[in-house]
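Undergrad: Dropping a prediction and its sequence here:
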Amino acid sequence: MDSKHSMISLKKKLAGLLDMIPKQSEIIYADYPLYGNVGDLFIMKGTEAFFKENDIRVRKRWNPDNFPIGRKLDPNLIIVCQGGGNFGDLYPYYQGFREKIVQTYPDHKIVILPQSIYYQNEDNLKRTADIFSAHSNLHIITREKASYATAQAYFQNNHIKLLPDMAHQLFPIIPTQQPTGQKLRFIRTDHEANDELQRHAQAESYDWRTVLSASDRRTIAFLQTLNVLNKKAGNPLPIAFIWRKYSDYIINKAIRFFSRYKSVETSRLHGHILSSLLQKENTVIDNSYGKNANYYHTWMEGVPNTQIIRDALKKENLPAHM
């Protein structure tokens, strides 16, 4: 199977979401990302594209900073939470928000879109499992086999499924310019960086902070502040609409940036996925706890023009480390 058909196949697998969110459903999109992690914005855009393709009607779009927790919701609305890689104790703000949603709305169907699960502390994982097990109609979708194994072990009272990342819904993405550079090294610099595997990438490298200009970062900070003030005023301003328009600009900027290169070497999962959506040759470097390797081995192994940097000492594709 060539790269194009491999990516089409991954996109088609997302139709499995319709088992939980049927066509023409009415939903609350509970936690769209309003921040500068461009990978999460690709997830958001894929999610919105899925909603549109399947005539899923979004009644409200909120995020953790302005969701009116406690507001009574139409019991027929499905609450849908953003996918990504923040399910666990590395990002407690977002995990805490999901737990609060689950506790506050025990009678609503809640769907958590494809997530990677990782806990450093097993007690934190057990605490989440206790909260989630009390909800009879909670659907947890995982995006790779390691997270699926963790979910099966700890979330036995919930509905568990394995599907690819929502960004695959965006295939195909057409490069917006001819490449002028050979290899883009797109290397993360935060606490998920795997220093041992990234040592060889000493040449000039970039990250999402390179894609975003100082003006972009100021605009995002302004919208975040406005979003919090908007909640205090009862959410009269269409922040979600404004952000959708501005995030389109950021997404297009990222596509232009990647289009400039013939190939990509990256430790960002969505650097890998975006490169594959653009059908560029790419090499993925694992992150600090195996997320990238887990995803690669679950969905991308065998896709033409993709490979992973392996290390004999690195445990790959195992259930989340405790």
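TA: Noted; the coordinates are in hand.

Undergrad: Show me the helices in the stretch 201-322 of the chain, by range?
TA: 208-211, 214-232, 239-259, 269-277, 291-295 (DSSP state H, counting those that start in this stretch).

Undergrad: right, I mislabeled it, should have said the stretch 51-200 of the chain
TA: 92-104, 122-133, 145-154, 195-198.

Undergrad: With distance to Thr219, mean pLDDT and mean neighbour count added, can I get those in a markdown table?
TA: In short, each C-beta sits where N, CA and C put it, glycine included. Converted to a markdown table, the helices of the stretch 51-200 of the chain look like this (distance: least, Cβ to Cβ, whole Å; pLDDT from 0 to 100; neighbours: other Cβ atoms under 10 Å):
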| stretch | distance to Thr219 | mean pLDDT | mean neighbour count |
| --- | --- | --- | --- |
| helix 92-104 | 21 | 97 | 17 |
| helix 122-133 | 34 | 97 | 16 |
| helix 145-154 | 33 | 97 | 21 |
| helix 195-198 | 30 | 62 | 15 |
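
Undergrad: quick one: which of those helices is nearest Val228?
TA: helix 92-104 (13.4 Å; Cβ to Cβ).

Undergrad: And the closest one, what does it pack against?
TA: Helices and strands touching helix 92-104, by 3 or more Cβ pairs under 8 Å, 6 or more residues apart in numbering; DSSP states H and E, are strand 78-81, strand 84-88, strand 110-118, helix 122-133.

Undergrad: Next up, the contacts around Val58.
TA: Val58 sits next to 27-29, 51 when contact means Cβ atoms under 8 Å, 6 or more residues apart in numbering.

Undergrad: quick one, which residue of this protein lies the farthest from its center?
TA: Ala233 (29.7 Å; Cα atoms, centre = their mean).

Undergrad: what pLDDT, on average, does the helix or strand hosting Asp40 get?
TA: Following DSSP states H and E, one finds Asp40 within helix 38-53. The pLDDT scores in helix 38-53 average 98.

Undergrad: packing partners for it?
TA: Using 3+ Cβ pairs under 8 Å, 6+ apart, helix 38-53 sits against strand 26-29, strand 84-88, helix 208-211, helix 239-259, helix 269-277.
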